[in-house]
Structures are given as C-alpha cells and as structure tokens.
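Q: give me the fold of what follows.
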Amino acid sequence: MNGIPYITRSHEARIKELFFAGKVIVLTGPRRVGKTTLLKNIVEQSGKSHMFLNGEDLSTVELFERRTAENYRSILSDVDLLVIDEAQYIPEIGYIAKLIHDELPGKQLILSGSSSFEIIQRTGEPLTGRKITFELLPFSEVELWETAVPQKRIDLLRKRMVFGNYPEVYLDQSNATRIEYLRELRDSYLLKDVLKFEQLRNVDKVMDLLRLIAMQVGSEVSYHELGKQLSMSKNTVEKYLDLLSKAYVIYKLEGFSRNLRKEITKSSRWYYYDNGIMNIVLNNLDDLSLRRDTGRLWENYMISERLKYLNATRQLSRSYFWRTYDRQEIDLVEERGVSLSAFEMKWKHQVKGAPKAWKNAYPESTFKVISPESYLPFVGIDLI
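A: Modelled structure (predicted):
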C-alpha cells in the first residue's frame with residue numbers, strides 16, 4: 001500500500017523468529033488484508049537475498065513445472081528466501097514445497113494464500129510436520145492502539161464498528177471512499193475464492209444467505225429455516241456456510257455444554273470476521289448515532305477482536321456461546337482445559353452477574369461484562 005503508513009502486524013515477530021528454522025511458513029487470510037505488504041516488509045527487513053513471486057502469474061506456474069530438485073536448485077541458486085504469494089494457484093504446490101524443503105535445506109520458503117481451503121488442502125499432507133501456519137485477519141485493536149492519539153480513540157472505535165478494519169478502509173480518511181472500497185470488496189473479492197472453488201453460479205443466493213446471517217448475528221441460526229427462505233436444501237445452506245467460513249467471510253460458534261440437560265448444544269451462531277463487510281452486505285453504513293443495532297455491532301466486533309487476539313497469541317482455547325431452553329444465555333464461553341471463562345457483550349455498561357443456571361452448573365468459572373469501558377484487556381491491550 002504505497003504512500004500510506006505501515007502498521008506493524010501481530011504475527012511479524014514470530015514469523016521473523018522462524019526464518020531458517022527448518023519450517024515452511026504458510027500465511028493465510030482473506031483477500032486485501034495486507035498479506036503481501038506484511039511479507040514484503042519482513043523479507044526486505046531480513047537483509048537476505050530473496051525472490052517474490054505471484055502464483056496467479058502464469059510465468060510462476062511455468063517456472064516450477066519441472067518438478068526436480070536440480071531445477072529448483074538452479075532457480076534459487078542466488079536466493080535465500082523464496083516467497084510465493086497466492087500459492088494455491090500453482091498445481092501440486094504442496095509437493096513442490098516439500099521437495100524444496102527437503103532438498104534445499106538452506107532456503108526459507110514462504111507461501112501465502114487468500115483461500116484457506118485451497119492453500120491448506122494443497123499443502124496439508126505433503127507438508128505434514130514441515131510447516132507452520134499463520135492466519136492474517138483485518139487490523140486488530142492491539143495493532144491499532146498506538147496509532148491513534150488518546151483523545152480520538154473512542155471516536156475511531158465507533159467508526160471501526162461501522163466500517164471495519166480492512167487496512168485500506170481504516171487508513172482512508174474519507175467515508176465516501178471507504179464505502180466505495182467496501183462495495184468493491186463485496187462485489188469483486190468477497191466471493192471470488194468460493195465461486196471459483198465450487199464453480200457456483202448463483203451469486204445472488206449466496207449474497208442473500210450472507211444478508212440473512214448478518215441479520216441474525218448473535219442469534220441461533222436454523223439451517224432449515226434459511227433453506228426455506230432461500231428455496232434451497234438444508235444441506236446446500238450448510239455447504240455454502242462452510243465455504244464462506246473457509247473464505248474468511250464468516251465463522252461459527254457452537255453451543256457449549258458439559259452437564260446440563262437444559263443446555264442447547266445443537267444450534268450454531270454465525271459472526272462476521274469484519275464489521276465493515278457485514279454492514280456493506282446489509283447496505284447500511286450509517287453512523288452509530290443513527291443505528292438501532294448498535295448492540296449487535298458491538299457483539300460482532302468484540303467477539304471478532306477476541307478471535308484475533310487468541311489467534312495472534314496462539315492460545316489453545318475453544319470458543320462457544322451458551323444458552324438454555326429457558327433463554328438464559330452468555331455470548332461467549334472460552335474453554336482451556338478444565339477452566340472456563342464467560343463473557344457478555346454490552347454496549348451500554350451495566351453491572352451484571354452470570355445467569356443463575358450458569359453459576360449453578362459451573363461455579364468455578366469466571367464471568368465478565370465487556371463494554372466500551374472494560375474491553376481493553378479482553379482484546380489484549382495492557383495499559384500497565
């Protein structure tokens with residue numbers, strides 16, 4: 001992104017530590033979140049000789065067609081670092097990477113891809129035990145914290161709840177160009193990998209499904225009901241949702257239960273990785289002061305920010321929602337081994353205790369309300 005400030009990403013330090021440590025580095029994430037910018041910055045800072053290739057370029061595909069160690073040794077004779085962006089477009093990239101890794105141990109190979117199902121599928125088995133994977137998502141609160149003067153932070157937070165955290169959206173100062181960029185993301189990039197992978201033709205149905213999901217953020221989703229509204233089968237709905245999650249558009253939380261018969265476990269809730277994408281799908285980028293769904297925006301934003309924090313710190317944690325049939329509920333439950341942490345997202349700060357059924361069933365768990373006054377530790381910002 002020429003001409004605009006560079007913002008350090010949370011994965012940078014760890015990726016640098018892994019250079020020449022005997023692993024292929026795989027970087028995945030949605031389109032337009034800055035994977036190429038991040039990799040170019042890291043590689044240039046390394047001071048090592050490098051080659052940066054694009055897998056969508058046919059010349060790159062042709063370069064690796066002759067799958068022999070001698071060919072790759074010749075290509076990389078003067079190169080320490082090889083980066084292949086959009087590597088999923090190269091046939092047999094997993095086996096190519098395995099051969100380079102095994103036969104040229106002094107080289108560092110980095111692969112990136114915007115389609116998690118393709119890059120992981122193509123590198124999974126060949127690179128078992130040979131790779132470390134990172135997910136790059138839109139800017140996080142942690143990454144942006146030091147970029148704003150203190151007196152502007154709450155206003156910028158409110159703006160991010162509407163426009164989201166995609167780099168070019170965040171760094172642009174004009175709401176009009178932010179809207180145009182989000183519209184372009186929605187129309188040109190959002191479904192590109194899904195449509196290509198499945199050769200789907202009914203784009204309108206997929207967009208209608210995304211709108212219905214956006215309207216039901218924070219609520220359980222019935223695949224049967226979605227199918228009825230969209231005139232498609234329950235199985236097709238589930239398949240589309242799975243593909244959209246692998247394309248980093250939405251993600252799922254399942255119901256949590258250990259021992260209560262009244263707990264709902266078979267339902268799912270779906271959230272958007274980015275508020276700006278959710279709002280452009282809804283065709284609503286109005287200021288928060290004009291919105292009636294601020295609570296839903298806050299819930300989606302905070303749970304997504306927590307996901308980024310857990311992802312960046314590589315914590316072994318599983319996330320759920322919790323609800324009973326008599327409608328006692330908690331927005332987010334995190335399970336680490338035997339320990340449980342429960343969180344309720346509230347735009348309007350209020351003193352609130354955990355639901356009675358939760359306290360009775362899980363007395364050793366912790367419970368916190370996450371509001372604009374208390375969210376900083378929740379997303380990994382330590383003010384001490």
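Q: show me the shaky parts of the stretch 151-300 of the chain.
A: For the stretch 151-300 of the chain, the stretches flagged by pLDDT under 70 are 193, 196-201, 259-261, 263-265.
Q: strands of the stretch 251-384 of the chain, start to end?
A: Chain-ordered strands for the stretch 251-384 of the chain, with DSSP state E, counting those that start in this stretch as the definition, fall at 268-272, 318-323, 329-336, 339-345, 366-370.
Q: Leu383: which of those strands is closest?
A: Comparison of the strands of the stretch 251-384 of the chain against Leu383 by C-beta to C-beta identifies strand 366-370 as nearest, at 15.7 Å. C-beta: built from backbone N, CA, C; applies to glycine.
Q: buried residues in the closest one, which are they?
A: Within strand 366-370, the residues that qualify as buried are 367-370, counting by 16 or more other C-beta atoms under 10 Å.
Q: dump the residue contacts of Tyr6.
A: Residues near Tyr6 by C-beta atoms under 8 Å, 6 or more residues apart in numbering: 37, 41.
Q: would you list the strands of the stretch 251-384 of the chain in a markdown table and tack on distance to Lys205?
A: What follows is the strands of the stretch 251-384 of the chain, written out as a markdown table (distance: least, C-beta to C-beta, whole Å):
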| stretch | distance to Lys205 |
| --- | --- |
| strand 268-272 | 16 |
| strand 318-323 | 27 |
| strand 329-336 | 29 |
| strand 339-345 | 30 |
| strand 366-370 | 35 |
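Q: coming back round to it: closest to Tyr223 among the buried residues of strand 366-370?
A: Using C-beta to C-beta, Ile370 is the member of the buried residues of strand 366-370 that lies nearest Tyr223, at 28.6 Å.
Q: mind checking how far that closest one is from Gly353?
A: 14 Å (C-beta to C-beta, to the nearest Å).
Q: now swap in Glu168 and tell me
A: Look at Glu168 and Gly353: by C-beta to C-beta, they are 42 Å apart.
Q: ok, those two, which is more surrounded?
A: More crowded of Glu168 and Gly353, by other C-beta atoms under 10 Å: Glu168, with 17 against 10.
Q: please settle this for me: is the more buried one part of a helix?
A: Yes - under DSSP: H, G, I helix; E, B strand; the rest coil, Glu168 falls within a helix.
Q: ok, for it, nearest residue in space, not its chain neighbours?
A: Leaving out its chain neighbours, the residue that sits closest to Glu168 by C-beta to C-beta, 6 or more residues apart in numbering is Tyr181, at 5.7 Å.
Q: just the C-alpha atoms of the host helix or strand of the one you found, please, in CSV.
A: Per DSSP states H and E, Tyr181 falls inside helix 175-184. Written as CSV, here are the backbone C-alpha positions of helix 175-184 (Å, rounded to 0.1, in the frame of the first residue of the first chain):
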residue,chain,number,x,y,z
ASN,A,175,-16.2,8.0,4.4
ALA,A,176,-17.2,8.2,0.7
THR,A,177,-14.1,6.3,-0.4
ARG,A,178,-14.4,3.8,2.4
ILE,A,179,-17.9,3.0,1.2
GLU,A,180,-16.7,2.6,-2.4
TYR,A,181,-13.9,0.3,-1.3
LEU,A,182,-16.2,-1.9,0.8
ARG,A,183,-18.6,-2.1,-2.1
GLU,A,184,-15.7,-3.2,-4.3
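Q: against which helices or strands is that helix packed?
A: With contacts defined as 3 or more C-beta pairs under 8 Å, 6 or more residues apart in numbering; DSSP states H and E, helix 175-184 has these neighbours: helix 153-163, helix 167-171, helix 275-281.
Q: quick one: closest of these to Ser49.
A: Of the helices and strands packed on helix 175-184, the one closest to Ser49 (C-beta to C-beta) turns out to be helix 167-171, at 27.8 Å.
Q: give me the distance from that closest one to the chain's centre.
A: 16 Å (C-alpha atoms, centre = their mean, to the nearest Å).
Q: kindly report the same for stretch 186-197.
A: From the chain centre to the centre of stretch 186-197 is a distance of 16 Å (C-alpha atoms, centre = their mean).
Q: quick check, central residue of this protein?
A: Centroid check for the chain by C-alpha atoms, centre = their mean gives Leu137 as the closest residue, at 4.3 Å.
Q: not counting its neighbours along the chain, what's nearest that one?
A: The spatial neighbour of Leu137 that comes closest, neighbours along the chain excluded (C-beta to C-beta, 6+ apart), is Lys308 at 5.3 Å.
Q: now do Thr294
A: Trp347 (5.2 Å).
Q: show me what contacts the one you found?
A: With contact set as C-beta under 8 Å, 6+ apart, Trp347 has these partners: 294-295, 297-298, 371-372.
Q: how many neighbours does Thr68 have?
A: Other residues lying near Thr68 total 10 when counted by other C-beta under 10 Å.
Q: surely Glu125 and Gly94 touch.
A: Yes - in this structure, Glu125 is within contact of Gly94 by C-beta atoms under 8 Å, at 6.8 Å.
Q: who has more neighbours out of the two?
A: Ranked by neighbour count (other C-beta under 10 Å), Glu125 and Gly94 place Gly94 first, with 24 against 10.
Q: circling back to that earlier point, can you tell me which of the strands of the stretch 251-384 of the chain comes nearest to Pro150?
A: Closest to Pro150 of the strands of the stretch 251-384 of the chain is strand 366-370 (C-beta to C-beta; 20.5 Å).
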